[in-house]
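Student: got a sequence here, can you build the structure:
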Amino acid sequence: MKSYFDEGDLVGVLTAQPLDRVLDYRAPEGGCHLGAYVEVPLGPRKVLGVVWGEGRGDWDYAKVRSVIRVLDAAPMRDEMRSFLEKMGAYTLTPMSAMLRLATRAPGLGDPPSMRKVYRLGGVEPDRMTSAREQVLGVLRDYGGLSFTLTELAELAGVTTGVVKGLVKQGAVSEEDAPRDLPFPRLDPDYGGKDLTEDQSAAASRLRAGVDAGGYGTVLLKGVTGSGKTEVYLEAVAEALRHGQQALVLLPEIALSGEFLTRVEARFGAKPAEWHSGVTMTERRRVWRMVGQGDAQLVVGARSALFLPYQNLGLIVVDEEHDTSYKQEEGVFYNARDMAVLRASLCGARVVLASATPCLETWANAESGKYERVELISRFGESVLPEMRTIDMRREDVPAGEWISPALRRAVDKRMEAGEQSLLFLNRRGYAPVTICRACGHQIGCDQCDAKMVEHRFLKRLMCHQCGETKPIPETCPSCAAEGKLAPVGPGVERLAEEAARHWPDARVVVLSSDLFGSARALKERIEEIAKGDADIIIGTQLVAKGHNFPLLTLVGVIDADLGLQGSDLRAAERTFQLMRQVAGRAGRAERPGEAVMQTYQPEHPVIRAILGGDEEAFWRAEAAGREAAGVPPYGRMAGIILSGPDVQEVFDLGNFLARNTAPLARVGAQVYGPAPAPIARVRGRHRVRLLVKAGKGVALQSALSQWVSQAKLKGQLRLAVDIDPQSFF
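Tutor: Residues are numbered from 1 along each chain as shown. I've put the predicted structure just below:
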């Protein structure tokens with residue numbers, strides 16, 4: 001394939017518009033490279049596209065329109081185009097949607113904008129004050145670096161007027177500079193910590209992999225608090241020494257604040273950030289600087305995988321087991337698996353870090369497909385928490401309460417010692433159901449089949465499926481009875497009320513994503529708690545994701561049985577992971593910790609495995625069960641989600657597909673359904689699912705493509721394919 005096209009050559013341009021093919025255009029004046037980002041006419045509009053190859057030539061050349069212009073951005077590399085194509089083929093996603101993932105930054109076609117920056121001038125001010133001396137001192141200390149007006153004033157601890165006064169004197173120069181500036185260079189030898197013997201051995205193996213070059217994936221498995229972060233940052237340092245870019249994926253935005261601080265302490269400067277909490281201006285800067293090679297390290301959410309890296313040498317997927325890496329809207333993909341795919345195409349190393357890896361990763365390590373590196377002890381003086389259960393069948397808990405007397409005594413003990421306790425409940429809001437005691441009506445969402453959750457702190461009912469909210473009603477919507485609506489079951493807000501009653505003098509804090517208006521506010525609250533600004537923390541899954549609270553010595557799990565309910569094939573695995581992760585929040589400093597689980601099923605195999613600590617025995621038993629059933633990771637599955645406003649039309653389509661399964665039958669795949677999705681209506685659309693199950697070595701995608709192509713989607717009917725589904729909502 002040609003790598004450069006002269007003016008007038010036919011080029012095929014892929015756009016992010018929902019079209020089924022690459023479009024022909026004439027190369028612009030001056031020509032263009034393969035992979036160039038271009039602006040092209042499409043009907044009356046101008047749209048963004050990428051030169052994907054030679055034109056097809058199946059259109060009258062005289063009618064072919066020209067590329068309007070080539071954007072000022074590094075061309076998309078061959079490995080990136082290959083990654084988008086292979087991922088699109090694996091997930092059965094149209095290429096236009098794949099390109100949208102790779103161009104999710106605003107203003108890519110805009111000319112570079114400018115801003116005012118300030119640096120040391122060549123003239124002494126006519127009068128020196130302490131404030132002026134502070135400004136000049138900052139500029140001297142930073143060796144000629146430039147700052148924005150606000151940055152310089154904040155660093156010097158003065159008002160912006162002081163800086164402007166020095167500009168008039170000539171002591172500080174004001175210059176125009178590009179707004180999208182390169183990120184500060186990171187120093188791999190700046191602030192390395194003294195590692196334990198365990199950590200040093202693990203870090204050496206990771207560094208050796210990066211040093212050897214080429215693709216490879218390693219599972220970094222370490223108990224909670226073992227210092228996995230410091231170990232994989234040594235691999236990042238090695239990639240930087242080789243002049244390579246690195247990517248660290250985190251499962252939760254709230255984790256990034258503490259992590260960025262650790263990166264700055266290790267490398268002397270902050271990395272680039274990429275997640276939903278970053279401003280649009282900063283997103284454009286990150287996209288451009290990554291493409292120019294001027295961002296050495298990116299820390300971000302799953303979508304950071306689609307940035308235009310020029311020399312990607314390492315991808316770290318932290319807490320690789322976390323379900324938030326699976327995207328279940330638009331393009332269905334698992335960022336963990338796609339990280340491995342991308343690394344294999346560009347010859348990069350992958351580190352999958354977790355205390356409780358997913359069964360797929362564990363199985364790949366067992367088979368030798370992935371290397372395995374383990375950390376078996378906690379860092380420093382901290383030790384793993386003591387773990388025990390409270391048998392709720394023997395506890396006298398008053399009606400309407402959920403904290404057992406035994407757990408209350410454990411919290412009392414920690415309060416007396418000036419330590420923190422965490423009460424964990426995997427339910428947001430005040431109560432999961434609001435019911436009318438007169439007629440039995442349960443308040444549901446108007447747009448979904450989900451029940452609305454009461455959020456008393458917000459004074460609203462909220463649907464956790466579609467986000468719809470409405471005020472808490474005073475009368476029953478069904479029978480109009482007044483004063484009969486009652487919350488049923490516990491949520492974190494209700495648990496907080498109970499905690500406040502038991503410990504009226506304690507500082508009780510609720511950590512739930514629903515209660516914070518921004519990622520920044522959530523980060524700030526977590527930092528305050530880590531410094532000791534709470535006695536009792538009431539938390540949901542959010543607190544299980546890598547946060548470090550040095551004063552936290554007790555974790556009490558209110559309902560350890562919750563995840564064991566239902567028919568999800570991953571229920572046991574997820575309960576095991578969640579309980580081990582949340583228990584690992586206790587005793588991470590020098591004070592010993594304790595994890596207590598309230599359960600009505602202390603004899604359940606998952607509960608026994610959590611207490612016993614023999615994780616390998618749990619994984620082996622779970623793997624044997626999955627293998628016997630022929631389900632992932634020892635078989636293949638795909639979910640088909642049909643949706644539309646008319647439930648009969650949706651079911652008719654599902655039944656049609658269920659009757660015409662010849663393409664799947666030829667590869668030995670089985671089809672189950674159609675059946676209503678567990679939440680059968682979301683945002684006013686009825687949802688029906690089919691499940692396809694096949695052997696591990698089956699070429700499932702081609703058979704699926706043939707099968708679903710038989711369906712004629714009329715009107716508002718929609719069909720989505722979820723390869724390797726993680727949930728069956």
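Student: low pLDDT regions in the stretch 601-729 of the chain?
Tutor: Counting by pLDDT under 70, the stretch 601-729 of the chain contains low-confidence residues at 728-729.
Student: which stretches in the stretch 51-200 of the chain count as helices?
Tutor: Under the criterion DSSP state H, counting those that start in this stretch, the stretch 51-200 of the chain carries helices at the ranges 78-91, 95-102, 130-141, 149-156, 160-169, 197-212.
Student: same for the least confident helix or strand in the chain by mean pLDDT, what does it pack against?
Tutor: Within the chain, no helix or strand scores below strand 485-488, which has a mean of 73 by mean pLDDT, DSSP states H and E. Using 3 or more CB pairs under 8 Å, 6 or more residues apart in numbering; DSSP states H and E as the contact test, the elements touching strand 485-488 are strand 433-436. No exception for glycine: its C-beta is placed from N, CA and C like everyone else's.
Student: top strand in this structure by residue count?
Tutor: Taking DSSP state E as the assignment, the strand of the chain that covers the most residues is strand 670-682.
Student: could I get that one in CSV with only the CA atoms?
Tutor: Output for strand 670-682, consisting of C-alpha atoms alone and laid out as CSV, is shown next (Å, rounded to 0.1, in the frame of the first residue of the first chain):
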residue,chain,number,x,y,z
GLN,A,670,-26.3,-22.9,20.8
VAL,A,671,-28.9,-20.1,21.1
TYR,A,672,-30.9,-19.4,24.2
GLY,A,673,-33.9,-17.0,24.2
PRO,A,674,-35.4,-14.7,23.4
ALA,A,675,-36.2,-13.6,26.9
PRO,A,676,-36.9,-10.2,28.5
ALA,A,677,-33.7,-8.6,29.9
PRO,A,678,-33.6,-8.6,33.7
ILE,A,679,-34.4,-4.9,33.5
ALA,A,680,-36.8,-5.2,30.5
ARG,A,681,-37.3,-1.5,29.9
VAL,A,682,-34.7,1.2,29.9
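Student: report all helices and strands that it contacts.
Tutor: Other helices and strands packing on strand 670-682, by 3+ CB pairs under 8 Å, 6+ apart, are strand 636-644, helix 647-659, strand 685-694.
Student: next SSE downstream of the last one?
Tutor: Read in the C-terminal direction, the helix or strand following strand 685-694 is helix 700-708, with elements assigned using DSSP states H and E.
Student: for the next helix or strand after that next one, packing partners?
Tutor: The first helix or strand that comes after helix 700-708 along the chain, using DSSP H and E, is strand 718-723. Strand 718-723 is packed against helix 78-91, strand 636-644, helix 700-708, with contacts defined by 3+ CB pairs under 8 Å, 6+ apart.
Student: contact partners of strand 718-723?
Tutor: If you take CB atoms under 8 Å, 6 or more residues apart in numbering as the criterion, strand 718-723 is touched by 90-92, 328, 332, 638-644, 653, 685, 700-701, 704, 708, 711, 713.
Student: give the contact list for Glu175.
Tutor: Listed by CB under 8 Å, 6+ apart, the contact set of Glu175 reads Lys116, Val117, Tyr118, Arg119, Ser146.
Student: near the third one, how many other residues are there?
Tutor: I take that to be Tyr118. Tyr118 is flanked by 23 other residues according to other CB atoms under 10 Å.
Student: check the second one too.
Tutor: Here the count is done by other CB under 10 Å, and Val117 has 20 residues near it.
Student: wait, it touches Val163, no?
Tutor: No. Look at Val117 against Val163 with CB atoms under 8 Å: they stay out of range, at 11.3 Å.
Student: for the spatially most distant residue from the centre of the chain, which non-adjacent residue is closest in space?
Tutor: Distance to the chain centre peaks in the chain at Asp126, reaching 54.1 Å (criterion: CA atoms, centre = their mean). Beyond its immediate neighbours in the sequence, the residue positioned closest to Asp126 (CB to CB, 6 or more residues apart in numbering) is Gln169, lying 6.4 Å away.
Student: correct me if wrong: the one you found contacts Val123.
Tutor: Yes. Counting by CB under 8 Å, Gln169 does reach Val123; the two are 6.4 Å apart.
Student: of these two, who's got more company?
Tutor: The residue with the greater number of neighbours, taking Gln169 and Val123 and applying other CB under 10 Å, is Gln169; the counts read 15 against 11.
Student: just the pLDDT for the more buried one.
Tutor: In the predicted model, Gln169 carries a pLDDT score of 92.
Student: and if you look at Phe516?
Tutor: Looking at Phe516, its pLDDT reads 62.
Student: can you check Gly380 too?
Tutor: Looking at Gly380, its pLDDT is 52.
Student: and what of Gln465?
Tutor: We have a pLDDT of 64 for Gln465.
Student: next, count neighbours for Met238.
Tutor: Let me fix one detail, which is that residue 238 is Glu and not Met. Taking other CB under 10 Å as the criterion, the count of residues near Glu238 is 22.
Student: next secondary structure after the strand or helix carrying it?
Tutor: Here Glu238, judged by DSSP H and E, is contained in helix 228-241. Remark: after helix 228-241, the chain's next helix or strand is strand 245-249, criterion DSSP H and E.
Student: where's that next one relative to the chain centroid, distance-wise?
Tutor: The chain centroid and the centroid of strand 245-249 are separated by 14 Å under CA atoms, centre = their mean, to the nearest Å.
Student: next, the angle from the helix or strand following that strand to helix 228-241.
Tutor: Toward the C-terminus, strand 245-249 is succeeded by helix 256-267 as the next helix or strand (DSSP H and E). Taking axes from the mean of the first three to the mean of the last three CA atoms, to 10 degrees, one finds helix 256-267 and helix 228-241 inclined to each other by 50 degrees.
Student: from the contact counts, what lies against helix 256-267?
Tutor: Against helix 256-267 (3+ CB pairs under 8 Å, 6+ apart) you get helix 228-241, strand 297-300, helix 519-530.
Student: which among these is found nearest to Leu206?
Tutor: Comparing the helices and strands packed on helix 256-267 against Leu206 with CB to CB, the closest turns out to be helix 228-241 (3.9 Å).
Student: hmm, back to that, now distance to Gly137 and mean neighbour count too, for the helices and strands packed on strand 670-682, in JSON lines please.
Tutor: Rendered in JSON lines, the data for the helices and strands packed on strand 670-682 read as follows (distance: least, CB to CB, whole Å; neighbours: other CB atoms under 10 Å):
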{"stretch": "strand 636-644", "distance to Gly137": "61", "mean neighbour count": "23"}
{"stretch": "helix 647-659", "distance to Gly137": "69", "mean neighbour count": "17"}
{"stretch": "strand 685-694", "distance to Gly137": "62", "mean neighbour count": "22"}
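Student: using CSV, lay out those together with distance to Ala212.
Tutor: As requested, the helices and strands packed on strand 670-682 are exported to CSV (distance: least, CB to CB, whole Å):
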stretch, distance to Ala212
strand 636-644, 32
helix 647-659, 48
strand 685-694, 36
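Student: and these: which comes nearest Thr279?
Tutor: strand 685-694 (32.4 Å).
Student: quick one: distance of that closest one to the chain centre.
Tutor: Between the centre of strand 685-694 and the centre of its host chain there is 25 Å, according to CA atoms, centre = their mean.
Student: sheet-wise, list the partners of it with their directions.
Tutor: strand 636-644 (antiparallel), strand 670-682 (antiparallel) (DSSP bridges).
Student: next, format the helices of the stretch 51-200 of the chain as TSV and append distance to Val411.
Tutor: Written out in TSV, the entries for those read as follows (distance: least, CB to CB, whole Å):
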stretch	distance to Val411
helix 78-91	46
helix 95-102	46
helix 130-141	48
helix 149-156	41
helix 160-169	49
helix 197-212	33
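Student: need the winner for burial among those.
Tutor: Mean neighbour count, computed with mean count of other CB atoms under 10 Å, is highest for helix 95-102 among these, reaching a mean of 20.
Student: and the angle for that one with helix 78-91?
Tutor: Relative orientation of helix 95-102 and helix 78-91, computed by the same axes, to 10 degrees: 120 degrees.
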